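Okay, sequence plus prediction incoming.
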Amino acid sequence: MIRVLIVDDQVMVREGFSVLLNAMPDIEVVGEAVDGRQAVAKVGELRPDVVLMDIRMPEMNGLDATREIVAADADAKVLVLTTFDLDEYVYQALRSGASGFLLKDASAGQLADGVRVVASGEALLAPTVTKRLISEFSRLGTPRAPAQERIGELTERETEVLVLVAQGLSNGEIAEHLVVAESTVKTHVSRILVKLGLRDRTQAAVFAYEVRLVTPGG
């Protein structure tokens with residue numbers, strides 16, 4: 001069972017998500033929090049597999065809460081949920097350590113699949129959010145020199161895998177594309193994260209955008 005903590009200041013949203021997710025045979029909602037401060041405390045207490053995190057909340061917002069949760073536990077998986085499809089929130093959420101970003105208008109199936117994807121260690125970005133994210137990184141211009149230098153530490157195959165990760169492909173899809181075993185892809189991804197000093201696939205995708213390995217239409 002995938003254990004989920006729901007964080008949102010609106011009771012109807014929390015109850016709605018709880019009903020939807022508890023109806024899934026492989027997902028269990030183990031707790032709820034009304035703001036970021038309570039979320040940080042409950043994560044320490046309940047140790048959920050995935051935290052569904054709203055952004056705009058009183059006391060402590062979802063971005064600050066995500067930073068604290070990830071700082072306390074590098075393996076924490078936070079899936080940010082919001083009604084605001086805005087560049088600033090996407091970028092800040094990923095920079096805060098979120099493993100994924102999904103809009104609240106997602107269907108029940110998309111929500112459940114999102115929880116499963118993040119729980120498995122994959123990155124998750126809503127399609128409309130991905131397009132905006134690419135555009136934002138394109139607008140930022142030339143990548144910072146340190147980031148550009150770090151990409152040189154990767155082998156040619158690792159660089160190829162990083163590009164595919166940034167394009168949103170799963171390990172299975174990458175394995176099929178490269179005609180290799182999925183276990184080989186997992187090894188490449190692990191080495192990429194270690195070499196670049198990144199915590200997960202989402203940060204790897206952000207890095208790929210920053211150094212222009214992935215560009216709009218690329």
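Yes, it's here.

now the helices: where do they sit in this structure?
11-22, 36-46, 62-72, 87-95, 108-119, 127-139, 145-150, 156-166, 171-178, 182-196, 201-210 (DSSP state H).

Of the ones you listed, which is nearest residue 78?
helix 62-72 (4.8 Å; C-beta to C-beta). In this view, the C-beta of every residue, glycine as well, is placed from N, C-alpha and C.

Would you mark the buried spots in the closest one?
62, 63, 64, 65, 66, 67, 68, 69, 70 (16 or more other C-beta atoms under 10 Å).

can you check stretch 33-41 too?
Result for stretch 33-41 [16+ other C-beta under 10 Å]: buried residues 33, 34, 35, 36, 37, 38, 39, 40.

now stretch 11-29
Those would be 13, 14, 16, 17, 18, 20, 21, 24, 27, 29, for stretch 11-29 by 16+ other C-beta under 10 Å.

Could you do stretch 204-218 as well?
Quick answer for stretch 204-218 (16+ other C-beta under 10 Å): 204, 205, 206, 207, 208, 209, 210, 211, 212, 213, 214.

List just the nearest of the buried residues of stretch 11-29 to residue 159.
Nearest to residue 159 among the buried residues of stretch 11-29, with distances taken as C-beta to C-beta, is residue 27, at 35.4 Å.

if I read this right, the closest one contacts residue 21, doesn't it?
Yes. Contact status for residue 27 versus residue 21: in contact at 4.8 Å, counting by C-beta atoms under 8 Å.

who touches both of those two?
Overlap of the contact sets of residue 27 and residue 21 (by C-beta atoms under 8 Å, 6 or more residues apart in numbering) consists of 4, 112, 115.

Quick one, which of these are buried?
Using 16+ other C-beta under 10 Å, the buried members of the shared contacts of residue 27 and residue 21 are 4, 112, 115.

distance of the residue located most distally from the centre of the chain from residue 185?
Ranked by distance from the centre of the chain (C-alpha atoms, centre = their mean), the top residue is residue 179, with 26.2 Å. Separation of residue 179 from residue 185 (C-beta to C-beta, to the nearest Å): 11 Å.

Please apply the same query to residue 73.
25 Å.

the more surrounded of these two?
Counting neighbours by other C-beta atoms under 10 Å for residue 73 and for residue 185 shows that residue 185 has the greater number, 23 against 12.

ok, now which ones touch that one?
161, 171, 174, 175, 178.

Can you show me the CA trace of stretch 200-216 as PDB?
The C-alpha trace of stretch 200-216 is given here as PDB (Å, rounded to 0.1, in the frame of the first residue of the first chain):
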ATOM      1  CA  ASP A 200      15.900  12.600  -7.800                       C
ATOM      2  CA  ARG A 201      14.700  12.400 -11.400                       C
ATOM      3  CA  THR A 202      12.800  15.700 -11.100                       C
ATOM      4  CA  GLN A 203      15.900  17.600 -10.200                       C
ATOM      5  CA  ALA A 204      17.700  15.800 -13.000                       C
ATOM      6  CA  ALA A 205      15.100  17.100 -15.400                       C
ATOM      7  CA  VAL A 206      15.500  20.600 -14.100                       C
ATOM      8  CA  PHE A 207      19.200  20.300 -14.500                       C
ATOM      9  CA  ALA A 208      18.900  19.200 -18.100                       C
ATOM     10  CA  TYR A 209      16.700  22.200 -18.900                       C
ATOM     11  CA  GLU A 210      19.200  24.500 -17.100                       C
ATOM     12  CA  VAL A 211      22.200  23.300 -19.200                       C
ATOM     13  CA  ARG A 212      20.100  23.300 -22.400                       C
ATOM     14  CA  LEU A 213      20.300  19.600 -23.000                       C
ATOM     15  CA  VAL A 214      16.500  19.900 -23.500                       C
ATOM     16  CA  THR A 215      15.000  22.900 -25.300                       C
ATOM     17  CA  PRO A 216      11.600  23.800 -26.700                       C
END
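
Much appreciated, bye for now.
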